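S.K.: sequence below, structure please.
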Amino acid sequence: MTRRRKPLCHNPGVGKSPGGFAMSPASRWIVDSSAPYGSATPPLRVLLVITRSERGGAQVHVRDLLAGLSKQVEYHVVVGEDGFLAKQTQALGVSFTVQPSLQRAVSPRIDARALRDLVHTIRRFQPHLVHTHSTKAGLLGRLSARLCKVPVIHTAHAWSFSDGLSWKRRSWAIPVEWLAGRITDRFITVSEADREVGTRWAVARTSQVRVIHNGVEDSAPSACPGEDTVPRIVMVARMAPPKDHTLLLQSLSTVQHPFVLRLVGDGPDRAELEALAGRLNLTDRIEWMGTRSDVGDQLAACHIFALVSRQEGFPLAILEGMRAGLPVVASDVGGIREAVSHQETGFLVPRSDRDALSQAFVQLLSDPSLRSRQGKAGRRVFESRFSSIQMCQATADVYATLAKERGLPQPLRESP
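M.R.: Take a look at the predicted model:
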């Protein structure tokens with residue numbers, strides 16, 4: 001007699017409480033028992049999975065979802081390391097697991113362990129939905145959800161096969177993501193550009209995809225980009241690909257107008273960039289700020305925001321620059337043109353075009369009134385389209401639609 005094989009775990013359905021399954025000893029389960037769920041209706045439980053914990057666009061996005069929706073949804077976060085996101089999650093009173101097996105590097109042995117650990121976490125938390133972020137967490141998180149028969153949503157902050165990446169990378173990323181797309185219930189992309197790329201390569205069907213632009217909280221001080229002083233250009237970014245600090249320095253080395261470049265962020269390329277700055281005679285014109293927690297204050301002290309990159313999804317840093325009222329000079333890649341209007345709120349320059357980048361800086365450095373006009377226009381766009389409240393509510397709508405289809409609880413309504 002042949003016995004039917006049971007799934008590794010099961011979808012808990014409505015009204016069941018998390019079970020007492022044992023966690024992998026490699027993971028640390030951290031719970032805040034004060035989470036405010038007093039409703040008689042069980043809240044929708046969502047497991048968020050992300051690989052890195054460092055401060056970056058995807059991590060800030062997840063933090064903002066937790067801050068905006070944790071009274072409507074019962075979240076649990078799985079992250080592969082300690083760091084910014086783990087600390088922010090704990091500060092918000094949301095339960096989380098640090099799972100060291102969830103690493104960015106590819107290793108069949110460690111990735112198999114990560115898959116097993118994710119299955120254990122699903123068994124213990126018993127989510128109604130799994131919501132994955134970033135490439136590695138997206139692949140393993142979606143597979144573990146499939147094994148456990150839990151509906152899954154994947155947010156693509158930028159595809160691993162986006163335009164601008166090498167064909168060597170895209171040759172394996174496209175088929176892998178295509179396979180993962182077959183076990184994904186919904187996709188969220190942070191830009192129309194990412195939606196187009198995902199559907200063009202048949203990784204996602206148009207009916208599966210919801211575009212939800214990133215948003216940021218409006219709480220930072222404003223800049224005065226038109227003031228009569230030596231203009232300060234600021235770029236807030238990790239010093240590593242796909243950001244192109246090298247092109248930024250090369251473009252500014254030909255600019256004769258006075259300026260100061262403030263670089264906020266750190267990363268593996270910093271030493272090489274400092275050496276390049278010396279060779280280009282820019283050392284005295286650059287402020288190396290490192291990683292900062294006061295990004296809003298840093299932006300308020302500047303006059304032009306720059307983001308030079310080879311590939312992007314929909315970068316939060318640009319929204320922070322627009323929030324501060326700064327004109328933007330940015331590479332025309334990914335979804336950046338969905339935020340920045342060329343010659344209205346800043347300048348868009350073709351990928352890797354050093355001369356066009358230099359010309360954009362010269363125009364803004366030499367014209368305080370243009371900086372002021374573009375900065376004010378960018379601020380108005382931010383206020384009307386890119387708040388974190390709008391982003392969170394749109395995400396809750398995706399949860400609610402999928403939950404309704406599957407007969408699961410809805411996100412709770414916040415009390416007035």
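S.K.: got any ranges where the stretch 251-400 of the chain has weak pLDDT?
M.R.: Scanning the stretch 251-400 of the chain for pLDDT under 70 picks out nothing.
S.K.: which residues of it fall in helices?
M.R.: Here the stretch 251-400 of the chain has its helices, by DSSP state H, counting those that start in this stretch, at 270-279, 295-300, 316-323, 354-365, 368-385, 388-405.
S.K.: what does the shortest one contact?
M.R.: Going back to what we said before, that points to helix 295-300. 219-223, 234, 236, 262, 264, 289, 292, 305, 320-321, 323-324, 326 (Cβ atoms under 8 Å, 6 or more residues apart in numbering). Where you see a C-beta, it was placed from the backbone N, CA and C, and this is true even at glycine.
S.K.: buried residues in that helix?
M.R.: Residues of helix 295-300 classed as buried by neighbour count (16 or more other Cβ atoms under 10 Å): 295, 296, 298, 299, 300.
S.K.: swap in stretch 387-404?
M.R.: Within stretch 387-404, the residues that count as buried by 16+ other Cβ under 10 Å are 387-388, 390-393, 395-396, 398-400, 402-403.
S.K.: alpha carbons of it, as PDB, please.
M.R.: Extracted C-alpha coordinates of stretch 387-404, given in PDB (Å, rounded to 0.1, in the frame of the first residue of the first chain):
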ATOM      1  CA  SER A 387       4.600  59.400   0.800                       C
ATOM      2  CA  SER A 388       5.200  56.200   2.800                       C
ATOM      3  CA  ILE A 389       1.500  56.300   3.800                       C
ATOM      4  CA  GLN A 390       0.500  55.800   0.100                       C
ATOM      5  CA  MET A 391       3.100  53.000  -0.300                       C
ATOM      6  CA  CYS A 392       1.900  51.100   2.800                       C
ATOM      7  CA  GLN A 393      -1.800  51.400   1.900                       C
ATOM      8  CA  ALA A 394      -1.200  50.100  -1.600                       C
ATOM      9  CA  THR A 395       0.700  47.100  -0.100                       C
ATOM     10  CA  ALA A 396      -2.100  46.400   2.300                       C
ATOM     11  CA  ASP A 397      -4.500  46.400  -0.700                       C
ATOM     12  CA  VAL A 398      -2.300  43.600  -2.300                       C
ATOM     13  CA  TYR A 399      -2.500  41.600   0.900                       C
ATOM     14  CA  ALA A 400      -6.200  42.100   1.200                       C
ATOM     15  CA  THR A 401      -6.900  41.000  -2.400                       C
ATOM     16  CA  LEU A 402      -4.900  37.800  -2.200                       C
ATOM     17  CA  ALA A 403      -6.200  37.000   1.300                       C
ATOM     18  CA  LYS A 404      -9.800  37.400   0.000                       C
END
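S.K.: what comes into contact with it?
M.R.: For stretch 387-404, contacts defined as Cβ under 8 Å, 6+ apart pick out 44, 46, 61, 64-65, 67-69, 72-73, 128-129, 131, 151, 153, 185-186, 188, 210, 212-218, 408-411.
S.K.: run the chain-centre distance for it.
M.R.: On the basis of Cα atoms, centre = their mean, to the nearest Å, stretch 387-404 sits 16 Å off its chain's mean C-alpha point.
S.K.: give the buried subset of the contacts of helix 295-300 as a ChimeraX selection command.
M.R.: Burial among those is assessed by 16+ other Cβ under 10 Å; the matching ChimeraX selection reads:
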select :220,223,234,236,262,264,289,305,320,321,323,324,326
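S.K.: secondary structure element for residue 131?
M.R.: Following DSSP states H and E, one finds residue 131 within strand 129-133.
S.K.: pull whichever helix or strand comes after that strand out as CSV, backbone CA atoms only.
M.R.: Next helix or strand after strand 129-133 toward the C-terminus (DSSP H and E): helix 135-147. Output of helix 135-147 as CSV, limited to C-alpha atoms (Å, rounded to 0.1, in the frame of the first residue of the first chain):
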residue,chain,number,x,y,z
THR,A,135,17.0,38.1,-4.9
LYS,A,136,18.2,35.3,-2.6
ALA,A,137,15.5,35.7,-0.1
GLY,A,138,13.0,35.9,-2.9
LEU,A,139,14.1,32.6,-4.4
LEU,A,140,14.4,30.6,-1.2
GLY,A,141,11.4,32.3,0.5
ARG,A,142,9.1,31.5,-2.4
LEU,A,143,10.3,27.9,-2.6
SER,A,144,9.7,27.4,1.2
ALA,A,145,6.2,29.0,0.9
ARG,A,146,5.4,26.6,-2.0
LEU,A,147,6.6,23.6,0.0
